[in-house]
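Colleague: I'll drop the sequence and a predicted model, then ask my questions.
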Amino acid sequence: MWRVTASGLAAVATAALLLAAPARQTENVVLITTDGLRWQEVFSGAEEALLVKDAGVSDPDALRKEFWRDSAAARREALLPFLWTVLAKQGQLFGNAAQGRVARVTNGHNFSYPGYNELLSGRADPRIDSNDKKPNPNVTVLEWLNGREPYRGRVAAFCSWDVFPWILNRERSGIVVNAGFEPMTFAGDRDRLAVLNQVLTDTTPAADGVRHDSLTYAATLEYVRAARPRVVYISYGETDDWAHAGRYDHYLHSAQRFDRFTRQLWDAMQGIDQYRGKTTFVITTDHGRGSGLTGWKSHGEKIPESENIWIGVLGPDTPALGESTPATAVTQSQVAPTVAAALGENFAQAVPGVAAPIAGAVRPAAGSPEVRLDRARLLELLGRTPPAPPPLAPKRVETVDLGDVVREKVTYAVEADERVPAFVFIPKGTGPFPAVLCHHQHGGEFHVGKDGPAGLGSTPDQHYALELARRGYVTIAPDALAFGERQDPTGKLKKGEYERFEALHRITEGKSLQGKYVWDARRALDYLETRTEVDRARIGMIGHSLGGQETLFTTAADTRIQAAVSSCGFASLRVLERDHILHNFALFVPGLAEAGDYGAVLALIAPRPFLVAARSQDPIFPLDGIEETVATGRAAFAAAGASDRLDTFYEPGPHQFSPAMREAAYAWLDRWLKAPKRERAATSRARPAPPGGRRSGPSRPRTR
Ligand SMILES: [Zn+2]
């Protein structure tokens, strides 16, 4: 029956894979920055305390009329209409620090050149500690892309600030860079360029070394129309200059103009075949600023809050999460790898030290590990198994009436000559009942095993098989290999030694301990299907820690599981390796890191309902590693039209399955396994000036 189920599901798996992996669209990418625009204005619009004469505003009443609204949502839309009516609706916007969704600079300087280096080269560099015109030693994502087909010769940058030829290392990188008051000698309409160059010559700079943003925008548009670049960088500068000058009115107008330029460019590109539906915009800033009547003008090391920035992503491969992005901090260093990822390119892998792309900001590339992992490949990674399961031959060895429920102890065969003991709980009343496979934790409690979920051992937070039975579920809690009654039968190896033995010898046989755990868990599902009290269409799974890990793998591997909850059960291998976190042997599935990491496993569960319960101070599962995994899952669930079926329940605290988490977990199972099937189907669619030596040159009185 298992084999029939598995092959029957292959078609479903293939269909789900196709759903989960729509063809990627992005062929062009535009990176836009506006210097020193605060996250405060981006997320809350004009700040009332600054709409005054003391903030350099020449006509406060007029400015207030233009930008003040009663709600933050209305204010920000009045200031930045493209960001809020288009990008935030169709793309993703990071950095609302007021909601704990922080985007931050990691270079520690919070001023321009270090920030531009970080966002363009994908990492902070302590060597870059001034705005001096020194050639950047780092390869920017623009230079890297320009060295690769099909982007070679099709990368261009238009920048208001005249330091960019050095930041972008024009001499070495070979990319088209037009910056400051340099003449526009690039491809374009000859007459229009002549007019632009005349205006450029006839204009007095408002800030030293900085061209007006209107001219930078006009230059970009001219080049895009004439040369059709694949990768464009636009760097606006007036927001920072007007802030340093203490003119909040000009600052707001510059921000609004940046938004309008962005809209106009977006619209213009949508009118060109090469770009229409195939272009991703990434929008950000080089640093934040301080707050208050004086602080807002400045930024730098001495103003720690100026490390807070914002990042927007909009394009055909960006799931429309708006502001509802993961509550994990993203960093400025993630901008460059995200720009590359939008094109399906892996900058982080190519250049040592580069940060990872922002998780979930762009869909993985066709052919990337996350997309390639299907259920058959997962089973391959889990290693060799017996050709077929033996007959279960179940036996009941004990029955205990607990009053409200009946507890049985049973055994059944998982492999030839290998029987597994399990507790089974049967509610009283009229069935059939929904059923839940309850996998015990690890916790070093090798002697406990199934006794934990059954309420016979461990701490009360582990008693979920008993608690769910009292809630009306048939539940089963088997011992996993090396736990409970399945410790070393020879008695030679104690506790974790035996777990290690079982894991290591399997590796030599082309098997894995994870594969064994999944095999045995699927036999528990087989057992549940033999019970007449069980509604086979309503089977779920739950587990904490090792149990949460097993719930992830078993639910991914076996589509008989219709809904599941994993508590404190996983984070990405990438983050576990980064933080040097050791784990149980089964967690390390050979080849999984290269096959898409834990996110690819979670993606296989779509569209079946899955709740990720976790705690933010869990030392063995860092929240960013959980969120990275969940982000990949979210993209797959969204692609399957089932965004509401992948959810998270996070709370502060260490590694534990708290009462609040269990209540959320049980409510999740109730929602998906207790409602009649028709209902379940229906719900599925729904710086102050830095030291003098850091200035950009004698001609530049202010630091960016
Ligand atoms: Zn500045």
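Modeller: That came through fine.

Colleague: could you list the domains of the protein?
Modeller: Domains of the chain are assigned by automatic domain parsing as 28-362, 381-682.

Colleague: and the longest one, how far out from the chain's middle?
Modeller: Put simply, domain 28-362 sits 22 Å off its chain's centre (Cα atoms, centre = their mean, to the nearest Å).

Colleague: again with stretch 391-410
Modeller: 44 Å.

Colleague: endpoints of it, how far apart?
Modeller: Length of stretch 391-410, first residue to last, Cα to Cα, to the nearest Å: 15 Å.

Colleague: for the ion, what's its nearest residue on the stretch 501-650 of the chain.
Modeller: Closest to the ion within the stretch 501-650 of the chain is Asp624: 29.3 Å, counting by Cβ to the ion. (C-beta placed from N, C-alpha, C; glycine too.)

Colleague: switch the domains of the chain over to a markdown table; also include distance to Asp374 and mean pLDDT.
Modeller: Below are the domains of the chain laid out as a markdown table (distance: least, Cβ to Cβ, whole Å; pLDDT from 0 to 100):
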| stretch | distance to Asp374 | mean pLDDT |
| --- | --- | --- |
| domain 28-362 | 19 | 95 |
| domain 381-682 | 7 | 94 |
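
Colleague: mean neighbour count added to these, as JSON lines?
Modeller: Putting the domains of the chain into JSON lines (neighbours: other Cβ atoms under 10 Å) gives the following:
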{"stretch": "domain 28-362", "mean neighbour count": "21"}
{"stretch": "domain 381-682", "mean neighbour count": "20"}
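
Colleague: can you say which of those domains is nearest to Leu373?
Modeller: Closest approach to Leu373 among those (Cβ to Cβ): domain 381-682, 4.0 Å.

Colleague: now the strands for the stretch 201-350 of the chain?
Modeller: Remark: strands assigned in the stretch 201-350 of the chain by DSSP state E, counting those that start in this stretch are 231-236, 279-284, 308-309, 311-314, 330-331.

Colleague: dihedrals phi and psi, the residue of the stretch 501-650 of the chain closest to the ion?
Modeller: phi -70, psi -30 (degrees, to the nearest 10).

Colleague: and the gap between Phe164 and Thr280?
Modeller: Counting by Cβ to Cβ, to the nearest Å, the gap between Phe164 and Thr280 amounts to 22 Å.

Colleague: turn the domains of the chain into CSV, including distance to Arg375.
Modeller: Listed next are those as CSV, based on distance: least, Cβ to Cβ, whole Å:
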stretch, distance to Arg375
domain 28-362, 22
domain 381-682, 6
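
Colleague: what's the next secondary structure element after the helix or strand where Asp61 lies?
Modeller: Secondary structure from DSSP states H and E places Asp61 in helix 60-67. Next along the chain after helix 60-67, taking DSSP H and E as the criterion, comes helix 72-79.

Colleague: helices or strands next to the helix or strand following that next one in the packing?
Modeller: Per DSSP H and E, helix 72-79 leads on to helix 81-82 as the next helix or strand towards the C-terminus. Using 3 or more Cβ pairs under 8 Å, 6 or more residues apart in numbering; DSSP states H and E as the contact test, the elements touching helix 81-82 are helix 248-270.

Colleague: mind exporting the helix it packs on as PDB, just the C-alpha atoms?
Modeller: Below are the C-alpha coordinates for helix 248-270, written out as PDB (Å, rounded to 0.1, in the frame of the first residue of the first chain):
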ATOM      1  CA  TYR A 248      13.400  69.900   6.000                       C
ATOM      2  CA  ASP A 249      11.200  71.300   3.200                       C
ATOM      3  CA  HIS A 250      13.800  70.700   0.500                       C
ATOM      4  CA  TYR A 251      14.600  67.300   2.100                       C
ATOM      5  CA  LEU A 252      11.000  66.200   1.800                       C
ATOM      6  CA  HIS A 253      10.700  67.600  -1.800                       C
ATOM      7  CA  SER A 254      13.900  65.800  -2.800                       C
ATOM      8  CA  ALA A 255      12.500  62.500  -1.300                       C
ATOM      9  CA  GLN A 256       9.200  63.000  -3.100                       C
ATOM     10  CA  ARG A 257      11.100  63.700  -6.400                       C
ATOM     11  CA  PHE A 258      13.200  60.500  -5.900                       C
ATOM     12  CA  ASP A 259       9.900  58.600  -5.600                       C
ATOM     13  CA  ARG A 260       8.500  60.200  -8.700                       C
ATOM     14  CA  PHE A 261      11.700  59.600 -10.700                       C
ATOM     15  CA  THR A 262      11.500  56.000  -9.700                       C
ATOM     16  CA  ARG A 263       7.900  55.700 -10.800                       C
ATOM     17  CA  GLN A 264       8.600  57.400 -14.100                       C
ATOM     18  CA  LEU A 265      11.600  55.100 -14.800                       C
ATOM     19  CA  TRP A 266       9.500  52.100 -13.900                       C
ATOM     20  CA  ASP A 267       6.700  53.200 -16.200                       C
ATOM     21  CA  ALA A 268       9.100  54.000 -19.000                       C
ATOM     22  CA  MET A 269      10.800  50.600 -18.700                       C
ATOM     23  CA  GLN A 270       7.400  48.800 -18.700                       C
END
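
Colleague: offset the numbering so it begins at 514, please.
Modeller: New numbering, starting at 514: the last item is helix 761-783.

Colleague: which helices and strands sit right next to it?
Modeller: By 3+ Cβ pairs under 8 Å, 6+ apart, helix 761-783 packs against strand 541-547, helix 573-580, helix 585-592, helix 594-595, helix 726-740, strand 744-749, helix 751-757, strand 792-797.
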